[in-house]
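Chemist: With the input below, show me the fold.
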Amino acid sequence: MEFIHQKTIQTPLGEMIACATDQGVCLLEFTDRKNFEKQLKSLSKILKAEIVERDHIHFKQLEEELKEYFDGNRAKFDIPLFTTGTEFQEKVWQLLREIPMGETRTYKQQSEFLGNPKAIRAVGTANGINKIAILIPCHRVIGSNGELVGYAGGIWRKQKLLELEKAILF
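Modeler: Purely as a prediction, here's the structure:
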């Protein structure tokens with residue numbers, strides 16, 4: 001039986017659960033996130049592995065990088081990530097990582113960058129099932145009218161993350 005290592009991490013915006021395999025961090029979510037348990041079950045099923053509370057080498061680096069980020073001293077994450085999505089989802093998540101810190105894009109802009117301007121809803125769905133909060137910055141995507149929408153960790157957290165990132169840069 002394969003294992004996915006899990007650890008609870010405290011952050012200024014609340015408790016998070018991190019999961020990792022030897023390939024990298026495969027989940028980082030706020031524990032009060034909408035559909036949190038569903039994400040854990042999905043990850044376990046996709047990787048055909050049991051999630052166990054156990055330390056992993058990636059957690060030390062992850063905790064250090066998150067602390068630096070929340071302290072305003074890190075603009076880019078170096079921790080290895082291990083994503084588990086369809087080809088389309090992987091493209092959406094890669095595109096999220098290319099949004100510069102301190103900037104936002106709309107779902108429409110993201111679909112246009114992917115070369116499929118009509119895929120706005122599909123982009124939104126892929127954002128919503130991103131299992132690696134903050135490191136894959138789905139919080140940088142906003143509604144076409146400039147509203148903060150669609151963040152399963154809570155709109156208030158999305159706002160705080162965007163404020164933090166602007167402060168890091170300026």
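
Chemist: what about the nearest residue to residue 113 once chain neighbours are set aside, how many neighbours?
Modeler: In space, and not counting its chain neighbours, residue 113 is closest to residue 95: 5.7 Å by Cβ to Cβ, 6 or more residues apart in numbering. Placement of C-beta: from N, CA and C, glycine included. Other residues near residue 95 come to 20 when the count uses other Cβ atoms under 10 Å.

Chemist: tell me which element residue 95 is part of?
Modeler: Residue 95 belongs to helix 87-97 when assigned by DSSP states H and E.

Chemist: Are there helices or strands packed against that helix, and which ones?
Modeler: Using 3 or more Cβ pairs under 8 Å, 6 or more residues apart in numbering; DSSP states H and E as the contact test, the elements touching helix 87-97 are helix 107-113, helix 120-128.

Chemist: Find the centremost residue of the chain, please.
Modeler: residue 133 (2.2 Å; Cα atoms, centre = their mean).

Chemist: Pull the contacting residues for that residue.
Modeler: 16, 28, 29, 30, 33, 139, 153 (Cβ atoms under 8 Å, 6 or more residues apart in numbering).

Chemist: Could you turn the buried ones of the residues you listed into a PyMOL selection?
Modeler: Buried residues among the contacts of residue 133 (16 or more other Cβ atoms under 10 Å), as a PyMOL selection:
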select buried, resi 16+28+29+30+33+139+153
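
Chemist: Give me the residues contacting stretch 86-97.
Modeler: So stretch 86-97 is contacted by 83, 85, 110, 113-114, 122-123, 126-127, 129-130, 132, 136-138, 140-141 (Cβ under 8 Å, 6+ apart).

Chemist: Go again with 6 Å.
Modeler: 83, 110, 113, 123, 126, 130, 136, 137, 138 (Cβ atoms under 6 Å, 6 or more residues apart in numbering).

Chemist: what does stretch 144-160 give?
Modeler: In contact with stretch 144-160 (Cβ under 6 Å, 6+ apart) are residues 13, 30, 33, 34, 106, 108, 133, 139, 142, 143.

Chemist: and the longest strand along the chain, which strands flank it?
Modeler: Counting residues, the longest strand found in the chain (DSSP state E) is strand 2-11. Applying DSSP bridges to the sheet, strand 2-11 is found paired with strand 14-21 (antiparallel), strand 49-53 (parallel).
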